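J.: using only what follows, build the 3D model:
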Amino acid sequence: MNTNELISIIEEGDYDVYGIRIDATEYSVNDTMLASRMWCDGEPVYAHEYTNDEGTAETLIEMGYEEVESDEDERLFVNRDAFVELDGTSAVTVTADTLYEVIAFAQSVYPEGHVYLIGGEYAGSGEDEGEVIISEATVLAIL
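T.: The predicted model follows:
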C-alpha cells in the first residue's frame, strides 16, 4: 500500500484516533487487535490483588495466584500466568501530516514485527511520548 492510500485512509476515516502499531502477531485488515499489556521498567505487569480477607485469599490461590512479600498493609497475591491489560491497543499516534515521521520512529523503537495502521476509539494516553491507547483497535492497513 502506498503512502497516498494510507493518508486517504486517515483523512477519510471515521475513527476517533489513528496509530501505527508494530506487533509480532500477524493480523489481517479489519481484524480487531488484542489489548496491550501494561509494562513497568521493561517488564510486563502481572495480574495482582491485595487483600486481608481470608476467603478472598483462598479464592485467589485456587485461581493460580501466589502470595508474595509486600510492603503494603494488605497481603499481595500475584498470578504469573496472567498480565494486566490496558483498555485497548498501544500505538504511536499518527495523522496524515505525521505519517512518515511516525512510521520511521516506530520502526526505530520496534525494529521487528508487522507494521499496522490502526484506528479506533480514544482510550487514553500511554506512558511513552506519542503513545495512545486505542480501544477496539481495527487493522486498517498492513504496511
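
J.: tell me how this structure divides into domains.
T.: The chain breaks down by automatic domain parsing into domains covering 3-36+87-142, 46-83.

J.: lowest average pLDDT across those?
T.: Ranked by mean pLDDT, those bottom out at domain 46-83, which scores a mean of 88.

J.: what's the end-to-end length of that one?
T.: 4 Å (C-alpha to C-alpha, to the nearest Å).

J.: could you report the distance from the spatially most central residue of the chain to residue 111?
T.: Closest to where the C-alpha atoms of the chain average out (C-alpha atoms, centre = their mean) is residue 36, at 2.6 Å. As for residue 36, its distance to residue 111 is 18 Å (criterion: C-beta to C-beta, to the nearest Å). The way it works is simple: take the backbone N, C-alpha and C, and place the C-beta from them, glycine included.

J.: ok, residue 13 next?
T.: Distance, residue 13 to residue 111, by C-beta to C-beta: 27 Å.
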